[in-house]
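Undergrad: Return a 3D structure for these sequence lines:
(chains A and B)
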Amino acid sequence: MTDSHGQLSPTQMRLQRRSKGTLHVDRIPVSWWWGFAASLLALALAPLGISEYNLTLLVTYAILALSLAFAWGVAGILCFGQAAFYGLGAYSYAVVAINMGDSTLAVVVAVLVAGCAALALGAMMFYGRIGDVYLGVITLVATLLLFKYANSTAGEAYAIGTARLGGFNGIPGFPVLNVPGWPEMPITGLSLYFVGVAALLLCWLMFRSLAVRPFGRLLAGIRENELRAELSGHDVRLAKTLAFGLGGAVAGLAGVLYACWAEIVTPEVFSLGVSAEIIIWVLVGGLGTLWGPMFGAMLLGALKGFLGSQQWIDNGVVMGLLMVAVVLFLPSGLLPSVLRGFHHLRTGRQRRAMVEVKHEA
Amino acid sequence: MSMDIVFVSLFELAYTVATLALASAGLALIFGLMRVINLAHGEFIVLGGYTTIVALQLGCNIWLAMLIVAPIVVGLFGFLVERLVIRWLYGRTVDTMLATWGLSLAISGALSMIFGTTTSGVPNPIGSFSIGQYQVGGYSLFIIAVSTLLLVLLYLVLRFTRVGMIVRGAMQSADVAAALGHSPHRIYMVTFVVGSMVSGLAGGVLSPLVGLTPSAGGQFIAKAFITVITGGASVVAGTVSASVLLGTVAKVFELLSSPVVGEMALLISAVILLRVLPQGITSRWFKGAS
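TA: Predicted coordinates for the structure are as follows:
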């Protein structure tokens, strides 16, 4: 291609712009770091205007959305039951925290349990070469199993150590997050929010840097053409299992944060509604991006909070119709489409300006 | 007397299998013939139930309400859904699943806005009768009869009528059917409406047995979904074989332990079956059956 932009067709320009991202194979683009810094600033300043109680929940949602954005958007694995790992994280945290009286080990165990459950389920599915649709069914069924089991655990018989699972009523009154090693110094309120923000940004950074590393490149290759990736000598099954496990672990982390925020864990965390919500966040935020689902989750989480506070329309109606509308009309997601719209407006104006300049010359 | 227990157990087993088959037949029809997975299927059933309730409140005869009104109303609703949503997504299975999942959230939300989140019931129109010393529900017998009739009817229509042949042909090769002058899109539309009607019928007939809540769709969709997927592509053979297998597993574990364990055993055995036979039961043993 020539260097003078004036001689390139719009298609060529778009191709060149697109290829820029892939040319720097091992570096995250500078523009991303600007976005990262802006998000950091916005999240740090947000408590000035909004209560940290609401914000902590939104950050939890963002982490949860990020976990599916990675599994689905980057690795191409559509999990219909991301809530399973979220709930497992929350439940494991509560159980271990009650038994230990300290949250440090509980956090580690919760993330490990969620991650290992995802690894095991993933290995069963990917080594069995199960197709997309069946993958959806199995993850959905796994979530339902956990939901039914958690609901049926009422009574003395269902206890792990000193923690009673409590059936339909869930587990209340477990120790919340504390400074590691200091059980008498709990992290609540604003400090819990900042812990959540740190976790969110770290997960985002981890997923983004994975995406430019060989492992991330392999996942993208598998997403685009699984057979080709396999014929190139890569172990597709292993890569997908690992990606699924990582997504599950991060969902478990979101579960821990939720448990500390709500201070109670009920079987509702395993419900189909939660799984559906995660998918809506990712769809609306834009499949294939990481930032989109994060902000989609925050926006829709805030919308849900607003809808819950009024009487005239049910939350499910809005979320459900939104999901249908996005699948039908905006397959690339609401946020990316809006951005692209702005981009078109701007470049359109520039192009018109250039044409006028040419005419004058 | 021990013979009575055997009869009662068999009767209960038949009843479990029949409810499973009834709840999955509509979904099986749509999935088997169109490769479309309707995740709003559970809400279609619940809609059939609520239609029955409303018709009863308006003074309609109960049999008329569950056998005629419910299928027609849900069929009309299915027609709207097909025209507005499904038809844009043919050939995109995952997108269809996502859109219909959104639809299911919207329907159950709308139902809870209209009817509230309380449980509504339909009176049981048939009393019980006795096998030896045991009392069993007469309505269960009715369910077994309806379920059997429905499946036999579906089989006969698909296997021996011209319409059935055209539908099966369009399923095997939409292009050839189109070349012979049958519009695949019209066939899909009619299939979807008929599938919705079957779901509506299931909802109407099952409504006296289950307490209806707006969120009850979830318990139907899980069972129906795995029954259909486990059964595989053949509509009637798949539904029957998967219902018998999964229903038996559920019933045996329920008798050994508790209903919750029974349901969990059903789900677990379905997952294992899918792992072993990813294309469903009929992919191996009933190939080519309708």
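Undergrad: Please make it C-alpha for all contacts and neighbour counts, starting now.
TA: Noted.
Undergrad: got the end-to-end distance for stretch B:116-134?
TA: With C-alpha to C-alpha, to the nearest Å as the measure, stretch B:116-134 spans 38 Å from end to end.
Undergrad: That one and chain A, any residue contact?
TA: No. Residues of stretch B:116-134 are not located near chain A by C-alpha under 8 Å from any C-alpha of the partner chain, the shortest gap being 10.7 Å.
Undergrad: contact partners of that stretch?
TA: B:1, B:4, B:7-8, B:52-53, B:62, B:135-139, B:207-214 (C-alpha atoms under 8 Å, 6 or more residues apart in numbering or on different chains).
Undergrad: what do you get for stretch B:11-19?
TA: Residues contacting stretch B:11-19 (C-alpha under 8 Å, 6+ apart): B:140-141, B:143-144, B:147-148, B:206, B:243-244, B:246-248, B:251.
Undergrad: where does chain B come near chain A, residue by residue?
TA: Checking chain B against chain A by C-alpha under 8 Å from any C-alpha, the hits are B:85, B:88-89, B:93-95, B:98-110, B:112-113, B:218, B:222, B:225-226, B:229, B:260, B:264, B:267-268, B:271, B:274-276, B:278.
Undergrad: Just the buried ones among the residues you listed, please.
TA: Buried residues within those, counting neighbours by 16 or more other C-alpha atoms under 10 Å in any protein chain shown: B:85, B:89, B:93-95, B:98-110, B:112-113, B:218, B:222, B:225-226, B:229, B:260, B:264, B:267-268, B:271, B:274-275, B:278.
Undergrad: Those residues in helices, which ones?
TA: B:93-95, B:98-110, B:112-113, B:218, B:222, B:225-226, B:229, B:260, B:264, B:267-268, B:271, B:274-275 (DSSP state H).
Undergrad: Now, the contacts of stretch B:116-134 that are in strands?
TA: Cross-referencing the contacts of stretch B:116-134 against strands under DSSP state E gives B:Gln135, B:Val136, B:Gly137.
Undergrad: Which residue comes closest to the first one once chain neighbours are left out?
TA: I take that to be B:Gln135. B:Phe129 (5.6 Å; C-alpha to C-alpha, 6 or more residues apart in numbering or on different chains).
Undergrad: can you tell me the helix or strand for the one you found?
TA: strand B:128-131 (DSSP states H and E).
Undergrad: Direction included, what does that strand pair up with?
TA: strand B:134-137 (antiparallel) (DSSP bridges).
Undergrad: Most neighbours among the contacts of stretch B:11-19, please name it.
TA: B:Ser243 (29 neighbours; other C-alpha atoms under 10 Å in any protein chain shown).
Undergrad: Report the buried residues of the host helix or strand of that residue.
TA: Using DSSP H and E, B:Ser243 falls within helix B:235-256. Neighbour counts over helix B:235-256 (16+ other C-alpha under 10 Å) mark B:235-254 as buried.
Undergrad: And that helix, what does it pack against?
TA: Packed against helix B:235-256 by the contact rule (3 or more C-alpha pairs under 8 Å, 6 or more residues apart in numbering or on different chains; DSSP states H and E) you find helix B:2-34, helix B:138-160, helix B:217-231, helix B:259-276.
Undergrad: Residue numbers of chain A in contact with chain B?
TA: A:124-125, A:128, A:130, A:132-134, A:137-138, A:141, A:144-145, A:148-149, A:152, A:272-273, A:276, A:313-325, A:327-328.
Undergrad: Drop anything exposed from those.
TA: For the residues of chain A next to chain B, buried by 16+ other C-alpha under 10 Å: A:124-125, A:130, A:133-134, A:137-138, A:141, A:144-145, A:148-149, A:152, A:272-273, A:276, A:314-325, A:327-328.
Undergrad: Out of the residues you listed, which sit inside helices?
TA: Counting by DSSP H, those contribute A:124-125, A:133-134, A:137-138, A:141, A:144-145, A:148-149, A:272-273, A:276, A:315-325, A:327-328 to helices.
Undergrad: quick revisit: quick one: the contacts of stretch B:11-19 as JSON lines, columns for distance to A:Phe295 and pLDDT too.
TA: Shown next, in JSON lines, are the contacts of stretch B:11-19 (distance: C-alpha to C-alpha, whole Å; pLDDT from 0 to 100):
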{"residue": "B:Ser140", "distance to A:Phe295": "51", "pLDDT": "85"}
{"residue": "B:Leu141", "distance to A:Phe295": "54", "pLDDT": "87"}
{"residue": "B:Ile143", "distance to A:Phe295": "49", "pLDDT": "90"}
{"residue": "B:Ile144", "distance to A:Phe295": "51", "pLDDT": "91"}
{"residue": "B:Ser147", "distance to A:Phe295": "48", "pLDDT": "92"}
{"residue": "B:Thr148", "distance to A:Phe295": "51", "pLDDT": "93"}
{"residue": "B:Leu206", "distance to A:Phe295": "43", "pLDDT": "89"}
{"residue": "B:Ser243", "distance to A:Phe295": "43", "pLDDT": "88"}
{"residue": "B:Val244", "distance to A:Phe295": "47", "pLDDT": "88"}
{"residue": "B:Leu246", "distance to A:Phe295": "42", "pLDDT": "86"}
{"residue": "B:Gly247", "distance to A:Phe295": "44", "pLDDT": "85"}
{"residue": "B:Thr248", "distance to A:Phe295": "47", "pLDDT": "87"}
{"residue": "B:Lys251", "distance to A:Phe295": "46", "pLDDT": "83"}
